[in-house]
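J.: Got a predicted structure here, sequence first:
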Amino acid sequence: MIIPVRVPADATTHTVGSPRRLTPDHPHYGRPCPACDNHLTHHQDITLVYVGAHPDDRKTTGFMTGAAVALHTPCAHPPTDQAQRPETPAVEERVARHLAAHDYFPPGTDTVDGWWEHRVPKFRQDYLAYAREVLTIVRASERAAVINEGVDQLVKEIHRGAQFSQEDARHPGLCEAVDILRRMTDDAQPPDKLAAVLAEIRAERARQDAKFGEQNHPDGTGGSGPLHLADRCRAMAVKAAQEGTLTWRMVSDEEHAEAMAESDPQRLRAELIQDAAVKVAWIQAIDRRAATD
């Protein structure tokens with residue numbers, strides 16, 4: 001699970017904050033550590049590691065909202081004895097290895113030692129690009145959850161016995177902390193729902209490139225058969241709309257059939273854009289239904 005964190009605009013990969021222990025009611029409790037796959041529990045300290053930021057969140061100055069992952073503290077810090085213990089691969093590479101193994105090894109099959117290192121550089125580069133896309137997808141709900149957790153913790157600290165006078169309330173450090181929380185709240189406003197879907201599509205495209213490489217096939221569209229199918233799908237959609245029985249499948253079939261009937265590259269491209277847009281709208285409708293269930 002990606003965790004939103006506030007970092008300087010020029011931040012590079014680093015640990016965020018000090019080690020901490022999770023409580024059983026924490027949303028990350030029981031999730032696997034991305035580095036060692038062992039569960040995150042209250043038995044071992046965890047550390048947040050900043051791994052990057054979504055392009056829409058990047059800033060040139062000041063602070064920005066970045067993405068972090070929770071690791072066991074020993075996994076997040078380099079070993080003290082480099083001669084005896086190999087360096088832990090970066091989180092980005094860990095994710096890339098996992099994604100590649102998921103695509104190339106059957107479920108339940110153990111990977112072979114050195115399989116990642118023995119792949120050609122282009123293979124590793126493609127899956128690292130896929131991993132970067134996955135890591136930049138930060139859900140608005142996760143951002144809000146982290147901020148709410150921080151606010152709750154601040155309230156707990158105050159209730160724990162801290163007594164603030166009016167003079168203390170004007171202390172620069174306390175005022176700065178409050179200001180940071182307010183800015184974090186502003187930065188964590190839910191992103192546009194369309195942007196969230198497009199981010200998932202961007203990650204899937206990166207996965208396809210990583211697995212199959214650049215693909216250049218003939219279009220194979222046009223002809224009388226696809227043209228007749230497009231006319232039939234269009235007529236079915238119009239009739240269903242008039243009767244109030246239109247479904248997303250019918251709308252999608254119509255747009256897809258119209259694209260398959262085109263042989264001119266420019267018209268085909270325009271129809272494919274329309275077809276893709278309908279698929280995205282369908283996904284958004286599914287998400288809206290899920291949000292109301």
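T.: Now that the structure is in, tell me what you want to look at.

J.: All the strands of the stretch 1-150 of the chain, in order from the start?
T.: Using DSSP state E, counting those that start in this stretch, the strands assigned to the stretch 1-150 of the chain run over residues 3-8, 14-20, 46-52, 63-72.

J.: What pairs with the first one, parallel or antiparallel?
T.: Pairing partners of strand 3-8, with direction, according to DSSP bridges: strand 63-72 (antiparallel).

J.: For the partner strand, C-alpha coordinates in PDB please.
T.: Output of strand 63-72 as PDB, limited to C-alpha atoms (Å, rounded to 0.1, in the frame of the first residue of the first chain):
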ATOM      1  CA  PHE A  63       7.200  20.800  -0.100                       C
ATOM      2  CA  MET A  64       5.100  18.200  -2.000                       C
ATOM      3  CA  THR A  65       3.100  15.100  -1.300                       C
ATOM      4  CA  GLY A  66       5.200  12.000  -2.100                       C
ATOM      5  CA  ALA A  67       4.700   8.300  -2.000                       C
ATOM      6  CA  ALA A  68       6.200   6.100   0.600                       C
ATOM      7  CA  VAL A  69       6.100   2.400   1.500                       C
ATOM      8  CA  ALA A  70       6.200   0.800   5.000                       C
ATOM      9  CA  LEU A  71       9.100  -1.600   5.500                       C
ATOM     10  CA  HIS A  72      10.600  -3.500   8.400                       C
END
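
J.: how far off strand 46-52 does it point, in degrees?
T.: Going by axes from the mean of the first three to the mean of the last three Cα atoms, to 10 degrees, strand 63-72 is angled at 140 degrees with respect to strand 46-52.

J.: What count of nearby residues applies to Met236?
T.: Applying other Cβ atoms under 10 Å, we find 15 residues neighbouring Met236. C-beta coordinates here come from the backbone N, C-alpha and C atoms, glycine included.

J.: Leaving aside the residues adjacent along the chain, what's closest to it?
T.: Setting aside the residues directly before and after it, Met236 is nearest to Met250 in space (Cβ to Cβ, 6 or more residues apart in numbering), at 6.1 Å.

J.: Give me the buried stretch members for the one helix or strand the one you found maps to, please.
T.: Assigned by DSSP states H and E, Met250 belongs to helix 248-260. Using 16 or more other Cβ atoms under 10 Å as the test for burial, helix 248-260 gives 250-260.

J.: What count of nearby residues applies to Asp219?
T.: With other Cβ under 10 Å as criterion, Asp219 counts 14.

J.: Oops, could you answer that again for Arg202 instead?
T.: Arg202 has 15 neighbouring residues, counting by other Cβ under 10 Å.

J.: pretty sure it is in a helix, no?
T.: Yes. Assessed with DSSP: H, G, I helix; E, B strand; the rest coil, Arg202 lies in a helix.

J.: ok, Val51 touching Ala70?
T.: No. With contact defined as Cβ atoms under 8 Å, Val51 does not reach Ala70; the gap is 11.1 Å.
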